[in-house]
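Asker: test case, fold it:
(chains A and B)
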Amino acid sequence: MQTGKRSGRRLLWWLAGEVAGVVLLVAFVVALATMPPIQVQPSRNGLLGYSFKLDAAQWMKNATGYTKAVRSGELGKNRRGDPAGPLVAGRLGNSLLLMGAAAAIAVVLGVVKGFWDFEAIRRRRLAVGPVVTSALAGLPDFWLVLLLQLLAAWMYRELDIQPFRTSYDATDPASSFAFPLLTLCLIPMAHVARVTATAMGNVYDREYIRTARAKGLTEFRVIYKHALRNAVVQILDGLPGVMAIMVSNLLIVEYLYNYPGLTTLLKEAISPTVFSSRGGFVQPAPPDTAVVVLSGVALGLVFTLLYVVLQALRRAADPRLKGGGEA
Amino acid sequence: MSRSRRWYLALSTLLVGAFLFAALFPDWLTAVSPYYTDTRPTVLEGRPPFPPGPAHPLGSDALGRDVWSRVVYGTRWSLLFAVLIMAGRLLLAVPMGVAAIYGPRVCNWLVERLYVFSSAIPSLLIYLLVLSVGSLRLIPLTPSVMLTIALTTLVEWPRIALFIKGRLNELSAEQFVEGAVAAGARPGQIFWHHLMPHLWPNLVQVAAAEMGRALLTVAQLGIFGIWIGGGIMELGESAGGPPVFFNTTGIPEWGTLLADSRRFIRTAPWIPMAPATAFLLAVAGFNLLSQGLEGVTFGLNRWKEATTGRLSARWRWVLLPLALAAGLGITALSVHDPDDGRRNEPRGGLTSLRGYFVDTYADFNPVDNSRDAAYTRYDVRRVSTAADRAYRLVSPYFPDVDGPRPEVVLYPSHEAYLAAASLRADSPQAQGLIRYFPDHAVRVSPDSINTLDVWDFDRLFAYEMIKALTETRLHQGTGAPIPLGLYDRKASLRNGVWWLDFSKLKGAPLKELRELYATPLAELTPDRFPAYLIQSVLLADLLEQKGLSPEAMLQHGTNPDGLAAALGTTVEALENEYATYVRQRVGAQSILLRPEWRAEIPMALTDAVAARGAAAGAETVVLDARVKEGKATLLVMEHAGNQTAVVVQEWAEAAADRWEIVGTP
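Answerer: Residues are numbered from 1 along each chain as shown, chains lettered A, B, ... in the order given. Got it, this is the predicted structure:
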């Protein structure tokens, strides 16, 4: 009973902490989204000859204005008059679809590749596999995007074939999905492979593995029943970092492939351009605060949710963290 | 050290060393300045961007700037920004990480909370929210760099502080620390003498890893069009229209190269792939360095020898090469001017733009974001590419000779040009807008850019470049008629005929062969140069008729004796032949030989001219005539003794069929 009460209290504290974190996150994003541009002026007394000014009064005005609008039940509109909520929700769905598919492929293939690398190191075979994994893990995502776009352009020009689109085409969404998916899953897959190989390497030298082998178990049973079960915990420990990389890469991938996800919406909302009726010039305009706030919060929440899910999986995988064993 | 770690260290040293070399000595690796634009005068020669080729190993961008040069020169900027970001993060993170362990509890709380906060939102998103504002594209270099580095430092330092805190926690659990505590050491002593020697290899490893992350951040900001280093207004050619202003990057930093070039991925892929590949290699290099340094302790856990107190021998082996490398770097940076364009010698505070063959000096700033500076840079670029073009056109006429790079100086105004050349505005020599002066520079007035069309501009430049090369390559202060003649024959060729305007010969008597070679370059002023040029062309024509190839002319034609020897004759004979040939060629253009014009000129007038000449003991040929209402202006060639001159004569009809000369202006 005491144990149940304590774990219940712990759960409540944890929930309270997470809710507070979400509230702070939203406040942070609102603050960033409503921040007026930093003004830079030459100044003799300023730092290195320049002064930086942030109009705090304007900032407060923007933030309170937005908060009032939200409190009245309206999530705001973009400059074209479209409600921000459904706009962001639609784009969030696209981003989650892409990220979910990429995460699934990255984790599954990454673990398989990690095993392969671990076996290569263990059996002292050629280290091509681990080297390729290291190389992929260090690859900048934008370089991969540019390379794939270049490859696609070459194939179209020289071979007259276009298996996949390099920029999103609403008439062919399936073909437009391939390159973003490939780019988004490759680098996290390499990271998962590295984490897996390291985890297997750490676990393989433990005494219980030696004991299992001494008992006469087959190598397959030793690795996949004993070593893997303990390595999973370490793999799950490394996954939050991989997910952070994936979310960060998502911004680049969506932008470069013009994929209709949250990032392209966010980028346009942060620095929109309008076509002026006077002389037809394109000029910068103030940001669409409502869209920026909702998109930023949505992205932050996605990341936080992922982190919470991974923590839960971690607790499920490691019996030592389930809170039992206390008298 | 494991084998793989050694491989990582070796490969990373190679990569990082190559980038450091490129940062310190870009002049050695590139042919041109990163601000030099390759603009070609005709549509037939193509418009930028140019694909990779002999002129541009990695191609050029849309303005004609060499991509390889921009990537190499951008190395120092990108590495500098990465170093500043890394240093900022470490300067904040290390004290805070230490304070989290040894300081008040609020420091620990701050580090942990800020880490959770900053990792809840992708840092790139925060950068976008703050920096992706249109107005920040036009702020100057210094504030742009300061703002970006401050933001990237503030967002990511908690992560490093947390790592340092974790490492210090691990080290604090070691037995040697327990022993020190038991022995009564103070926290400061424990940290400095026991923890620091184990911590600092981790700091070196973290620094290497942070360099890679910082470079990646710079690249990602570039992808999103956020320019570190500010933007400038630049004037560029529009398709078929007048030049237009557009916003672009100033310094050739890799991230800004990516920002500017991403839209060319399909049409000109070499433009974005070059900086992207540079990022790839640099990030890989620093990541490998970080992996290679993982767990390395250097064995430097004693700073001083216990018995003597002197610096440990191991430290000497490390510090000495480090000090040498630092000294080399400082020396290289101070002696070998970084080519952001600024040089103080030899052109007194002017900025230089290094072209392929010619250095152009002017008072301009490559990163000034004002509109006036954009106009100046546009002019400088045009002059610089015209100078290179001129050099390419005329250098074949100076084969197998070496010398210093030609220099061109562009002045901010025509008045400054006249003042520098010590010319009065009303002197006939002030008409020349491009002129070589004997201090080894071709001086250019800005009026030449606006008043001359591209053909005249290039041609005048070529003439002055020939003079420059005559002095600097042939080391002679007198004219070189063979290169001038050969060049102008090619430039003046129209329908297979060399068109020569003999009216330009009026004024001083025609030069003999020796005089042609002995004329000082300083005397080839704009009013006298056309006559000299025509005579040079006539000399080349004569030599060709006598069977001398252009190559032989160039080989032997540096003085009259060489020419005579090549032709197997004497100098005197050659001189006579040349004088006769000149008279014949000039005389062949007499208006009287053209039936359609002969009828316009009264016979009495031509008789009067001939009679006057005969009375003076000279042969006369009427080259050109304008007759109207009893008045005539004639261009006449007079040959008397050894002198031939082309003069203008004014005649008037005194009575029917009787003409009298009224003047020779």
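Asker: can you pull out the low-pLDDT segments for the stretch 1-150 of chain A?
Answerer: The stretch 1-150 of chain A contains residues with pLDDT under 70 at A:1-6, A:47-48, A:73-74, A:125-127.
Asker: tell me the strands in it, going along the chain?
Answerer: All strands of the stretch 1-150 of chain A, identified by DSSP state E, counting those that start in this stretch, fall at A:39-47, A:50-53.
Asker: which bits of the stretch 1-150 of chain B sit near chain A?
Answerer: Residues of the stretch 1-150 of chain B that fall close to chain A, judged by C-beta under 8 Å from any C-beta of the partner chain: B:4, B:116-117, B:119-126, B:128-130, B:132-136, B:139-140, B:142-144, B:146-147. (Each C-beta comes from the backbone N, C-alpha and C, glycine too.)
Asker: among the residues you listed, the buried ones, what's the ChimeraX command?
Answerer: Burial among the residues of the stretch 1-150 of chain B next to chain A is assessed by 16 or more other C-beta atoms under 10 Å in any protein chain shown; the matching ChimeraX selection reads:
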select /B:116,119,120,121,122,123,124,125,126,128,129,130,132,133,134,136,139,140,142,143,144,146,147
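Asker: for the top strand by length along chain B, which outside residues touch it?
Answerer: Longest strand of chain B, by residue count under DSSP state E: strand B:643-655. By C-beta atoms under 8 Å, 6 or more residues apart in numbering or on different chains, the residues outside strand B:643-655 that reach it are B:502-503, B:505-510, B:579, B:582-583, B:586, B:602, B:605, B:608-609, B:623, B:630-638, B:659-665.
Asker: okay, that strand in CSV with CA atoms only?
Answerer: Coordinates of the C-alpha atoms in strand B:643-655 are reproduced here as CSV (Å, rounded to 0.1, in the frame of the first residue of the first chain):
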residue,chain,number,x,y,z
GLN,B,643,60.2,64.0,-94.5
THR,B,644,56.6,63.1,-95.2
ALA,B,645,53.7,64.8,-93.5
VAL,B,646,50.0,64.8,-93.7
VAL,B,647,48.6,68.3,-93.4
VAL,B,648,45.3,70.0,-93.6
GLN,B,649,45.0,72.9,-96.1
GLU,B,650,42.3,75.5,-96.5
TRP,B,651,41.8,76.8,-100.1
ALA,B,652,39.4,79.4,-101.5
GLU,B,653,38.4,80.1,-105.1
ALA,B,654,39.8,83.6,-105.7
ALA,B,655,38.4,83.7,-109.2
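Asker: host element of residue A:233?
Answerer: Of the helices and strands defined by DSSP states H and E, residue A:233 is found in helix A:228-257.
Asker: mind giving me the packing neighbours of that helix?
Answerer: helix A:84-122, helix A:141-154, helix A:173-204, helix A:262-270, helix A:289-317, helix B:123-131, helix B:196-223 (3 or more C-beta pairs under 8 Å, 6 or more residues apart in numbering or on different chains; DSSP states H and E).
Asker: the same query, at a cut-off of 10 Å, please.
Answerer: helix A:84-122, helix A:141-154, helix A:173-204, helix A:262-270, helix A:289-317, helix B:105-120, helix B:123-131, helix B:196-223 (3 or more C-beta pairs under 10 Å, 6 or more residues apart in numbering or on different chains; DSSP states H and E).
Asker: the last one: what's the following helix or strand?
Answerer: It refers to helix B:196-223. Once helix B:196-223 ends, the next helix or strand along the chain (criterion: DSSP H and E) is strand B:231-238.
Asker: just the mean pLDDT for that following strand, thanks.
Answerer: On average, the pLDDT along strand B:231-238 is 73.
Asker: and of the helices and strands packed on helix A:228-257, who's closest to residue A:52?
Answerer: Nearest of the helices and strands packed on helix A:228-257 to residue A:52, taken as C-beta to C-beta: helix B:123-131 at 12.0 Å.
Asker: gap between the closest residue to residue B:425 other than its chain neighbours and residue B:446?
Answerer: Of all residues not flanking residue B:425 in the chain, residue B:418 sits nearest, at 5.9 Å (C-beta to C-beta, 6 or more residues apart in numbering or on different chains). In this structure, residue B:418 and residue B:446 are 12 Å apart, going by C-beta to C-beta, to the nearest Å.
Asker: please identify which of the two sits among more neighbours.
Answerer: residue B:446 (21 against 18; other C-beta atoms under 10 Å in any protein chain shown).
Asker: single out the most deeply packed of the helices and strands packed on helix A:228-257.
Answerer: Stretch with highest mean neighbour count among the helices and strands packed on helix A:228-257: helix A:262-270 (a mean of 24; mean count of other C-beta atoms under 10 Å in any protein chain shown).
Asker: alpha carbons only: can I get it in PDB?
Answerer: Output in PDB follows, covering the C-alpha atoms of helix A:262-270 (Å, rounded to 0.1, in the frame of the first residue of the first chain):
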ATOM      1  CA  LEU A 262       4.900  22.000 -40.700                       C
ATOM      2  CA  THR A 263       8.300  23.500 -41.600                       C
ATOM      3  CA  THR A 264       7.400  25.000 -44.900                       C
ATOM      4  CA  LEU A 265       4.400  26.500 -43.300                       C
ATOM      5  CA  LEU A 266       6.500  27.800 -40.400                       C
ATOM      6  CA  LYS A 267       9.100  29.300 -42.800                       C
ATOM      7  CA  GLU A 268       6.600  31.100 -44.800                       C
ATOM      8  CA  ALA A 269       4.800  32.400 -41.700                       C
ATOM      9  CA  ILE A 270       8.100  33.600 -40.100                       C
END
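Asker: which non-adjacent residue is nearest residue 51?
Answerer: No chain specified, so I'll use chain A. Per C-beta to C-beta, 6+ apart, closest to residue A:51 is residue A:43, 3.7 Å.
Asker: please refer instead to chain B.
Answerer: Setting aside the residues directly before and after it, residue B:51 is nearest to residue B:59 in space (C-beta to C-beta, 6+ apart), at 5.1 Å.
Asker: coming back round to it: rounded mean pLDDT for the helix holding residue A:233, please.
Answerer: 85.
Asker: list the buried ones in that helix?
Answerer: In helix A:228-257, counting by 16+ other C-beta under 10 Å, buried: A:228, A:230-236, A:238-240, A:242-257.
Asker: and that helix with helix A:289-317, angle?
Answerer: Helix A:228-257 runs at 160 degrees relative to helix A:289-317, counting by axes from the mean of the first three to the mean of the last three C-alpha atoms, to 10 degrees.
Asker: thinking again about what came up before, what's the pLDDT at the residue nearest to residue B:51?
Answerer: Here, the pLDDT recorded for residue B:59 equals 90.
Asker: thought residue B:68 was touching it, still the case?
Answerer: Yes: if you go by C-beta atoms under 10 Å, residue B:59 and residue B:68 touch, sitting 8.3 Å apart.
Asker: intersection of neighbour lists for the two?
Answerer: Both residue B:59 and residue B:68 are contacted by B:52, B:270, B:274, under the criterion C-beta atoms under 10 Å, 6 or more residues apart in numbering or on different chains.
Asker: the last one falls within a strand, correct?
Answerer: Think residue B:274. No: secondary structure of residue B:274 (DSSP: H, G, I helix; E, B strand; the rest coil): helix, not part of a strand.
Asker: separation between residue B:598 and residue B:158?
Answerer: Distance from residue B:598 to residue B:158, by C-beta to C-beta: 98 Å.
Asker: more neighbours: these two, which one.
Answerer: Shown here are residue B:598 and residue B:158; by other C-beta under 10 Å, residue B:158 has more neighbours (25 against 14).
Asker: measure how far the helix or strand where that one lies is from the centre of its chain, please.
Answerer: Element membership for residue B:158 (DSSP H and E) is helix B:141-172. Taking the mean of its C-alpha atoms, helix B:141-172 sits 39 Å from the chain's own mean (C-alpha atoms, centre = their mean, to the nearest Å).
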